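In: this one's sequence-less:
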């Protein structure tokens with residue numbers, strides 16, 4: 001009887017050990033995959049980081065830069081919102097203010113080498129955005145984030161206050177856009 005009990009106990013210990021080992025390996029693999037994803041995002045962000053002074057001194061249509069530390073965005077802004085411009089830059093929507101008033105900016109969020117707005121969906125009210133141009137630097141605080149129709153231009157109308165309006169596509173919602181608005185930080 002003791003021998004059978006001993007064998008059963010050893011088998012039970014082996015089964016528990018194998019299960020714990022499998023569980024440990026699964027957790028390690030999951031953690032490694034998460035770290036790889038984070039490292040890939042950091043590489044993309046590092047590739048997008050450019051020297052701010054390069055924008056301020058440029059005569060090739062660059063207006064400035066947009067920095068959002070929360071989502072590790074540092075991108076150049078170029079005049080225009082055509083697909084050609086949005087392939088490499090954050091585009092300034094031509095009909096909007098460049099510095100005083102409502103500044104409209106657009107960028108891709110996926111499918112391009114430079115998808116600057118890939119993470120603007122993570123922004124929340126209270127997050128800080130820094131907008132730098134040859135006219136100066138301003139800090140803005142995210143005020144609203146909402147989905148709008150692609151035909152809704154009301155968020156880009158002129159305003160008496162200084163604000164940034166960031167617009168990008170929404171995956172699988174062809175007729176809608178994500179609109180993030182930020183108002184100038186009060187001193």
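Out: Arrived safely, thanks for sending. The structure displayed is predicted, hence computed values, not measured ones. Residues are numbered from 1 along each chain as shown.
In: Could you pull out the strands in the protein for me?
Out: 62-68, 73-79, 90-92, 102-106, 128-133, 136-149, 163-170, 173-184 (DSSP state E).
In: helices and strands around the fourth one, which ones?
Out: In terms of contact count using 3 or more Cβ pairs under 8 Å, 6 or more residues apart in numbering; DSSP states H and E, strand 102-106 is assigned the packing partners strand 90-92, strand 163-170. Heads up, the C-betas are built off the backbone N, CA and C, glycines and all.
In: got the contact list for the most centrally placed residue in the chain?
Out: Centroid check for the chain by Cα atoms, centre = their mean gives residue 119 as the closest residue, at 2.0 Å. With contact taken as Cβ atoms under 8 Å, 6 or more residues apart in numbering, residue 119 is in contact with 71-73, 109.
In: any idea how far it lies from residue 73?
Out: Here residue 119 is placed at a distance of 7 Å from residue 73 (Cβ to Cβ, to the nearest Å).
In: Can I get the strands of the chain in TSV including mean neighbour count?
Out: What follows is the strands of the chain, written out as TSV (neighbours: other Cβ atoms under 10 Å):
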stretch	mean neighbour count
strand 62-68	23
strand 73-79	21
strand 90-92	25
strand 102-106	24
strand 128-133	20
strand 136-149	15
strand 163-170	22
strand 173-184	17
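In: okay, the ones you listed in JSON lines with distance to residue 10 and mean pLDDT next?
Out: Listed next are these as JSON lines, based on distance: least, Cβ to Cβ, whole Å; pLDDT from 0 to 100:
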{"stretch": "strand 62-68", "distance to residue 10": "59", "mean pLDDT": "94"}
{"stretch": "strand 73-79", "distance to residue 10": "58", "mean pLDDT": "95"}
{"stretch": "strand 90-92", "distance to residue 10": "65", "mean pLDDT": "95"}
{"stretch": "strand 102-106", "distance to residue 10": "67", "mean pLDDT": "96"}
{"stretch": "strand 128-133", "distance to residue 10": "61", "mean pLDDT": "96"}
{"stretch": "strand 136-149", "distance to residue 10": "59", "mean pLDDT": "96"}
{"stretch": "strand 163-170", "distance to residue 10": "58", "mean pLDDT": "94"}
{"stretch": "strand 173-184", "distance to residue 10": "59", "mean pLDDT": "94"}
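In: would you turn the ones you listed into CSV with distance to residue 17?
Out: Formatted as CSV, the strands of the chain follow (distance: least, Cβ to Cβ, whole Å):
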stretch, distance to residue 17
strand 62-68, 48
strand 73-79, 47
strand 90-92, 54
strand 102-106, 57
strand 128-133, 51
strand 136-149, 49
strand 163-170, 48
strand 173-184, 49
